[in-house]
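Trainee: Okay, here's the prediction I keep looking at, along with the sequence it came from:
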Amino acid sequence: MNMAADPSKFVLSFDHVFFAYEPHLPVVMHEVSFTLAPRSFTAIVGPSGGGKSTLLRLSVGLEKPLKGTVTNTARTRMIFQNGALLPWRTVQQNVHLGFSDTPGTKHEHAKRVHEELTNLGLTDFAHVYPRDLSGGQRQRVGIARALVSDPELLLLDEPFSALDVETTEHLSRELLQIFADRNITMLMVSHSIEDAVLLADEILVFSGGTISHKVPISFSRPRSREDIPTEKLIKEVKRLIP
């Protein structure tokens with residue numbers, strides 16, 4: 001990979017990135033290099049506690065590399081585990097937080113919030129507080145908050161980790177519909193190899209502090225866990241993770 005490539009050809013790139021939580025502490029990430037093409041869906045999988053979520057934090061500048069370069073050319077929003085909502089704000093108020101540093105009038109913002117709540121089936125919950133929502137509803141609010149500002153890059157940090165299987169399947173379908181309908185790039189960290197194979201165009205295996213393997217997925221969506229190519233690839237990726 002040549003990171004001197006034209007930045008218009010990618011929305012995010014890591015060029016030989018090294019990371020330590022403090023300069024005097026051991027390096028926990030080394031020689032990490034990858035690019036995300038526009039309108040691609042990439043999943044990062046690997047052992048628990050291996051630093052996958054730190055890649056997302058580096059992507060939005062919440063952490064700084066020790067060495068190497070992170071280049072993000074896109075308007076970016078992040079979706080956290082279980083929605084990460086403010087409990088003292090209503091659904092509508094939580095979604096409004098997505099307009100941070102986004103131009104527009106109060107009327108335009110209110111209209112966008114209504115549109116996203118409608119798209120995600122949340123209009124009846126606009127004035128409800130997070131404590132009264134199911135796990136799937138909280139995650140949908142987090143998605144709506146991320147989408148109101150029309151991001152070009154969506155980062156998803158274990159978006160299904162707190163959800164049951166049925167809710168995960170519903171939410172996966174909704175994410176794929178969002179991906180299909182919008183000019184958006186997605187980067188998802190997941191502990192579930194199955195979810196990664198069902199959703200992504202490419203899987204990055206993060207192991208030993210670096211990207212150990214890049215696995216492209218060529219067969220079309222929607223995919224089923226019972227499909228032979230899907231089943232085979234899930235086993236293949238599992239073998240790549242220590």
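Mentor: Alright, I've got the coordinates.
Trainee: Okay, strands next: where are they in the chain?
Mentor: For the chain, the strands defined by DSSP state E cover 12-19, 29-36, 41-45, 67-72, 76-79, 153-157, 185-189, 202-207, 210-216.
Trainee: For Phe10, give its distance to Leu187.
Mentor: Relative to Leu187, Phe10 is positioned 12 Å away (CB to CB, to the nearest Å). For glycine as for every other residue, the C-beta is placed from the backbone atoms N, C-alpha and C.
Trainee: try Val28
Mentor: When Val28 is compared with Leu187 (using CB to CB), they lie 19 Å apart.
Trainee: just for this protein, where's the confidence low?
Mentor: Applying pLDDT under 70 to the chain flags the ranges 1-8, 82-83.
Trainee: residue closest to the middle of it?
Mentor: Leu156 (2.0 Å; CA atoms, centre = their mean).
Trainee: ok, the closest residue to it other than its chain neighbours - contacts?
Mentor: Take Leu156 and drop its neighbours on the chain: the residue closest to it by CB to CB, 6 or more residues apart in numbering is Met188, 4.0 Å away. By CB atoms under 8 Å, 6 or more residues apart in numbering, the contact list for Met188 reads 41-44, 155-156, 159, 195-196, 199-200.
Trainee: do that again at 7 Å, thanks
Mentor: Applying CB atoms under 7 Å, 6 or more residues apart in numbering to Met188 gives the contacts 43, 156, 159, 199-200.
Trainee: Out of those residues, the closest to His127 would be?
Mentor: Comparing these against His127 with CB to CB picks out Pro159 as the nearest, at 24.7 Å.
Trainee: List the beta-bridge partners for the closest residue to that closest one other than its chain neighbours.
Mentor: Of all residues not flanking Pro159 in the chain, Ile79 sits nearest, at 5.5 Å (CB to CB, 6+ apart). Beta-bridge partners recorded for Ile79 (DSSP bridges): Leu156.
Trainee: quick one: Ile79 and Arg145 touch, right?
Mentor: No. The criterion here is CB atoms under 7 Å, and Ile79 misses it with Arg145 at 8.2 Å.
Trainee: who has more neighbours, these two?
Mentor: Arg145 (26 against 23; other CB atoms under 10 Å).
Trainee: How about the contacts made by the closest residue to the more buried one other than its chain neighbours?
Mentor: Setting aside the residues directly before and after it, Arg145 is nearest to Gly98 in space (CB to CB, 6+ apart), at 4.0 Å. By CB under 7 Å, 6+ apart, Gly98 lies in contact with 77, 145-146, 148-149.
Trainee: Could you list which of these belong to helices?
Mentor: For these, the ones inside helices are 145-146, with DSSP state H as the criterion.
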